[in-house]
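Visitor: My questions are about this predicted structure, shown below with the sequence.
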Amino acid sequence: MVLEEPISNEPPIQVTTMSSSSEQNPNFNFNTQLPSTTDKPLITLNITAQINEKLTPSTFPQWRAQFEALLIDYDLLDYVEGTLQYPSSAGIAADELRKTHWVRQDKLILSAILASTSPSITPLIATAKTSHEAWKKLQTLYASQSRTRAMQLKKELTLIQRGNRSITDYIHAVKALADELAIIDHSISDDDLTLYVLNGLGPDFLRDCSAY
């Protein structure tokens, strides 16, 4: 005689696993409902926790540096740079799912950009359809300002003098100008930085050093 196991009327138990990365980093959320054909889960950026201040007309270099670092950390920089474009193939279910995933992730990035701008900046990019379009508008808008600021900083480096400051304070002042140039993509070489430092020390200091 064969004993049959009783049939349970309870629904089967579904087990959902969560990536350990989401537990270690609470600043972004994984969407667990994504189709298996996509390579990555959707990532929602927590701008409030990760960007120190909103973009204003005078803070673009600092804002961009923070936002780029955030995108690089989550492997999303290709969206704003336009190198990861909307999938062009069509007709295959997997491709359609990838298109949907691309649109949703790009909209999340665009939303983060809009949320991190001040009220005076938001209208300038409010019509952008993609994160790349918004990013490009901001870069174009502030490119001329960056060039003007770079010229001003280089002039300050040329004219800076040690004066009554200690050597440490003087070098810190020169380094601060060089760091700001680097933020706006106008880095100077170590050799040029050394020349700026020596130029501002004055002949008396250099003469005293040569005596040893």
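Guide: Good, I have the coordinates. Numbering: from 1, shown residues only.
Visitor: For Ala173, pull up the helix or strand it's in.
Guide: Secondary structure from DSSP states H and E places Ala173 in helix 167-183.
Visitor: List the buried residues in that helix.
Guide: For helix 167-183, a neighbour-count test (16 or more other CB atoms under 10 Å) marks Tyr170, Ile171, Ala173, Val174, Leu177, Ala178, Glu180, Leu181 as buried. For glycine as for every other residue, the C-beta is placed from the backbone atoms N, C-alpha and C.
Visitor: Likewise for stretch 104-121?
Guide: Gln105, Asp106, Leu108, Ile109, Leu110, Ala112, Ile113, Leu114, Ser116, Thr117, Ile121.
Visitor: With adjacent residues omitted, what lies nearest to the fourth one?
Guide: Translated: Ile109. Spatial nearest neighbour of Ile109, excluding adjacent residues (CB to CB, 6 or more residues apart in numbering): Ser131 at 4.0 Å.
Visitor: Can you tell me how far the one you found is from Leu77?
Guide: 10 Å (CB to CB, to the nearest Å).
Visitor: Give me the packing partners of the helix or strand containing Tyr79, helices and strands only.
Guide: For Tyr79, the host element (DSSP H and E) is helix 77-81. Here helix 77-81 touches helix 60-73, helix 93-115, helix 131-159, going by 3 or more CB pairs under 8 Å, 6 or more residues apart in numbering; DSSP states H and E.
Visitor: In JSON lines: these, plus distance to Leu198 and mean pLDDT.
Guide: JSON lines is the format used below for these (distance: least, CB to CB, whole Å; pLDDT from 0 to 100):
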{"stretch": "helix 60-73", "distance to Leu198": "27", "mean pLDDT": "93"}
{"stretch": "helix 93-115", "distance to Leu198": "43", "mean pLDDT": "93"}
{"stretch": "helix 131-159", "distance to Leu198": "12", "mean pLDDT": "92"}
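Visitor: Please tabulate these in a markdown table, including the columns distance to Gly200.
Guide: Below are those laid out as a markdown table (distance: least, CB to CB, whole Å):
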| stretch | distance to Gly200 |
| --- | --- |
| helix 60-73 | 24 |
| helix 93-115 | 40 |
| helix 131-159 | 8 |
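Visitor: Distance of the closest residue to Gly202 other than its chain neighbours relative to Ile188?
Guide: Nearest non-adjacent residue to Gly202, counting by CB to CB, 6+ apart: Arg162, 6.2 Å away. Using CB to CB, Arg162 is found at 19 Å from Ile188.
Visitor: Same check on Val80?
Guide: In terms of CB to CB, Val80 sits 27 Å off from Ile188.
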